[in-house]
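J.: no sequence for this one, just the structure:
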């Protein structure tokens, strides 16, 4: 699997679900360890258990007052704990 294929990653304790298009791969590693091996210009941790490929972000959606979710190009919505300013800085970097 090439890094460019990864849409987003979700952690569940010491396991990761790596989402690549219609495929989901399970990998045994913590989210922190995995994030250290990814290029920071391409991937960002947007929630304590979610990493997204910045190139796959289609739009940011307001879901509640001051809270947002990230809509990816494949239609998947992922949660974020970041504010709008932080999200825009990630996307524009």
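T.: Received, thanks. Remember, it's a predicted structure, so these values are computed and weren't measured experimentally.

J.: give me phi/psi at residue 13?
T.: Taking degrees, to the nearest 10, you get phi 60, psi -120 for the backbone angles of residue 13.

J.: pLDDT at it, what is it?
T.: On pLDDT, residue 13 comes in at 89.

J.: distance of it from residue 29?
T.: The spacing between residue 13 and residue 29, counted by Cβ to Cβ, to the nearest Å, is 11 Å. From N, CA and C alone the C-beta is placed, and that goes for glycine too.

J.: quick one, strands of the chain?
T.: Assigned by DSSP state E, the strands in the chain fall at 8-12, 15-20, 23-28, 43-47, 50-53, 57-64, 67-72, 77-79.

J.: may I see these arranged in a markdown table, with distance to residue 87 and mean neighbour count as well?
T.: A markdown table is the format used below for the strands of the chain (distance: least, Cβ to Cβ, whole Å; neighbours: other Cβ atoms under 10 Å):
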| stretch | distance to residue 87 | mean neighbour count |
| --- | --- | --- |
| strand 8-12 | 14 | 19 |
| strand 15-20 | 19 | 18 |
| strand 23-28 | 24 | 10 |
| strand 43-47 | 7 | 21 |
| strand 50-53 | 10 | 22 |
| strand 57-64 | 6 | 13 |
| strand 67-72 | 6 | 18 |
| strand 77-79 | 12 | 16 |
